[in-house]
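Colleague: any chance you can model this:
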Amino acid sequence: MLLLLPALLASCGVQSTRTQEPEPDEIPISYITSGGNAQSTSIMEELTAKYATNQPQIVFEYEELGSTELPSKLQLLAASNDLPVMFSYPSGKPLLQFIESGAVLDLSDLFDELGIRNKLLPSAVDLLTALVEGKGLYALPLEMNIEGFWYNKKLFAELDIPEPSTWSDMTKAADRFLEAGIQPFALAGKEKWPITRLINAYLIRKIGPDAMQRVDQGQLRLTSPEFVEAAEEIKRMSSKGYFGLDANKVDFKQATDLFLNGQAAMFYSGSWSLRDFDNEERNRIGADQIGFFSIPLVQDGKGKSSEYPVNAGLTASFSKEAYNEQVGQWIKFVFENYGDYASGKGMITGFRVTEADEATPLNRMIQQKLDSVTKGALWFEALFTTKEQRTAWENAQLLVAGPDYTSMQYMSDLQAAIDEQSE
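Modeller: The predicted model follows:
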């Protein structure tokens, strides 16, 4: 599965920057990616142009494929040992086949050798390593998203509610907003995944950031009390009206607009929402009225407020066969500067930022949060198969729809789907 934000990559036609064979003295840096990765591709192209002022033989070439075409083409190229220098590929379990065949570079070792390991955020390294069963760092976080609760500062101030630090504080605040006639949370239940994101939020505070990894490894079962408690809490919040009358009819755009129009006090989402928050036409409450807090602590929980759910969008991996010293020097220059350069373009990445003057205030705030993350957590379905993911999503709507479908049923059905896949 791709490390996707819920806004999935749009399919696009094949594009390429070059059609002719390279000149004899040129050193091409070939890249195959998705059109959904256009902004990071543009940044690498611009940085290569800067690098080429002293190394004119280096030429950056890229090919953009539709998101459904991308994996199949790369599999064919890998089979013939003809992978490009750099490529985007599903960086979870699908990448394992390339790792196990020795086709891709271990970037942890490489970045150490190049002296730029400190440019990577530890939370990004933890995430991408966890997604390949701890085998190493084989993909770069060209973008990075952190999740938590956005809130309307004005509404909180009007009711004299402080920023919540515990889950109990947050639900007490929700009760206050209900009493004042304000919907506490915007939730895009129609999209399904925002419901499981909330279940996961509670879980990583109750069990810890490695909760879903332990499920994947067979160390925990979803029918254990902590998992049922997490589902029950989100069901309870729905039954109290925290998410409005029928969240399952609300899509992500509508949920975003509820928050940006001042009709909902809080909104669980990720830093991918920054582009909406910084859009003056959509944002009616003003960017300066938007705050952000980490998932609150749960009573008797093992999670810490410095641990956040994170994901890395579409990543970049490197062919071991195509690597040479010239490629290494290009990597050193581009990714030594990538974090600062991308920040100036309004992007959040998995690279450290030392100069953020051109970034928006919200962008700078989230970058600071990312810099302080001590451990990244996976999202709920990160290690699920397609069938398991579908079960989690479809049944999540039943969970919040009413009393008939219980929290134990939800977790039992999902565990049964996992057990069936492992037989």
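Colleague: the chain: strands as residue ranges?
Modeller: Taking DSSP state E as the criterion, the chain contains strands spanning 15-16, 27-34, 58-65, 86-87, 145-152, 183-186, 264-270, 290-293, 307-311, 317-318, 375-377.
Colleague: any chance of the ones you listed in TSV, plus distance to residue 108 and mean pLDDT?
Modeller: The way it works is simple: take the backbone N, C-alpha and C, and place the C-beta from them, glycine included. Output for the strands of the chain, formatted as TSV (distance: least, Cβ to Cβ, whole Å; pLDDT from 0 to 100):
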stretch	distance to residue 108	mean pLDDT
strand 15-16	31	50
strand 27-34	21	93
strand 58-65	24	94
strand 86-87	17	96
strand 145-152	21	96
strand 183-186	39	98
strand 264-270	25	97
strand 290-293	30	97
strand 307-311	18	91
strand 317-318	12	97
strand 375-377	15	88
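Colleague: looking at the ones you listed, which is nearest to residue 243?
Modeller: strand 183-186 (5.4 Å; Cβ to Cβ).
Colleague: starting from the closest one, tell me which strands it pairs with and how they run.
Modeller: Here strand 183-186 is paired, per DSSP bridges, with strand 264-270 (parallel).
Colleague: and the partner strand with strand 145-152, angle?
Modeller: Strand 264-270 runs at 170 degrees relative to strand 145-152, counting by axes from the mean of the first three to the mean of the last three Cα atoms, to 10 degrees.
Colleague: what lies in contact with strand 264-270?
Modeller: Contact with strand 264-270 is made by 5, 145-152, 155-156, 170, 173-174, 177, 182-187, 194, 197-198, 201, 244, 255-256, 258-259, 273, 309, 311, as judged by Cβ atoms under 8 Å, 6 or more residues apart in numbering.
Colleague: quick one: distance of the longest helix seen in the chain to the chain centre.
Modeller: Looking across the chain with DSSP state H, the single longest helix is helix 325-344. Offset of helix 325-344 from its chain centre (Cα atoms, centre = their mean, to the nearest Å): 22 Å.
Colleague: remind me what it packs against, helices and strands.
Modeller: strand 27-34, helix 38-51, helix 107-114 (3 or more Cβ pairs under 8 Å, 6 or more residues apart in numbering; DSSP states H and E).
Colleague: now with 6 Å, please.
Modeller: The elements that helix 325-344 packs onto, with contact taken as 3 or more Cβ pairs under 6 Å, 6 or more residues apart in numbering; DSSP states H and E, are helix 38-51.
Colleague: output the contacting helices and strands for the helix it packs on.
Modeller: If you count contacts as 3+ Cβ pairs under 6 Å, 6+ apart, helix 38-51 packs onto strand 58-65, helix 325-344.
Colleague: export the ones you listed as TSV, with columns for mean neighbour count.
Modeller: Formatted as TSV, the helices and strands packed on helix 38-51 follow (neighbours: other Cβ atoms under 10 Å):
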stretch	mean neighbour count
strand 58-65	20
helix 325-344	19
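Colleague: quick check: which of the ones you listed is nearest to residue 160?
Modeller: When those are compared by Cβ to Cβ, helix 325-344 sits nearest residue 160, at 35.0 Å.
Colleague: so what touches the closest one?
Modeller: Contact with helix 325-344 is made by 27, 29, 43-44, 47, 51, 58, 85, 114, 116, 119, 349, 351-356, 358-359, as judged by Cβ atoms under 6 Å, 6 or more residues apart in numbering.
Colleague: can you tell me which of the strands of the chain is nearest to residue 127?
Modeller: strand 375-377 (4.2 Å).
Colleague: parallel or antiparallel, list what pairs with that closest one.
Modeller: Next to strand 375-377 in the sheet, as set by DSSP bridges, lie strand 307-311 (parallel).
Colleague: could I get the full set of helices for the stretch 51-200 of the chain?
Modeller: 69-79, 93-100, 107-114, 122-130, 153-158, 167-179, 193-206 (DSSP state H, counting those that start in this stretch).
Colleague: return the most buried member of the ones you listed.
Modeller: Comparing those by mean neighbour count (mean count of other Cβ atoms under 10 Å), helix 193-206 ranks first with a mean of 25.
Colleague: I'd like the distance between residue 202 and residue 88.
Modeller: Separation of residue 202 from residue 88 (Cβ to Cβ, to the nearest Å): 32 Å.
Colleague: domain assignment for the chain?
Modeller: 15-144+312-352, 146-309+380-422 (automatic domain parsing).
Colleague: what's the angle between the longest helix of the chain and strand 58-65?
Modeller: 70 degrees.
Colleague: got the contact list for stretch 100-108?
Modeller: For stretch 100-108, contacts defined as Cβ under 6 Å, 6+ apart pick out 78, 98, 136, 137, 138, 317, 318, 320, 323.
Colleague: oh sorry, the question was meant for stretch 136-146
Modeller: Stretch 136-146 has contacts (Cβ under 6 Å, 6+ apart) with 5, 40, 91, 99, 104, 106-108, 124-125, 128-129, 270-272, 308, 310-313, 315-317, 348-350, 369-370.
Colleague: next one: stretch 271-288
Modeller: By Cβ under 6 Å, 6+ apart, stretch 271-288 touches 5, 145-146, 152, 256, 260-262, 290, 348, 360, 362-363, 366.
Colleague: what is the burial count for residue 225?
Modeller: 11 (other Cβ atoms under 10 Å).
Colleague: now do residue 232
Modeller: 19.
Colleague: and it, what's its pLDDT?
Modeller: Per-residue confidence at residue 232 stands at 98 (pLDDT).
Colleague: next one: residue 373
Modeller: Per-residue pLDDT puts residue 373 at 89.
Colleague: these two touch, right, it and residue 309?
Modeller: No: applying Cβ atoms under 6 Å as the test, residue 373 and residue 309 come out as separate, 10.0 Å apart.
Colleague: so between these two, which is more surrounded?
Modeller: Legend: neighbour count by other Cβ under 10 Å for residue 373 and residue 309, higher for residue 309 (26 against 23).
Colleague: thanks again, I'm all set now.
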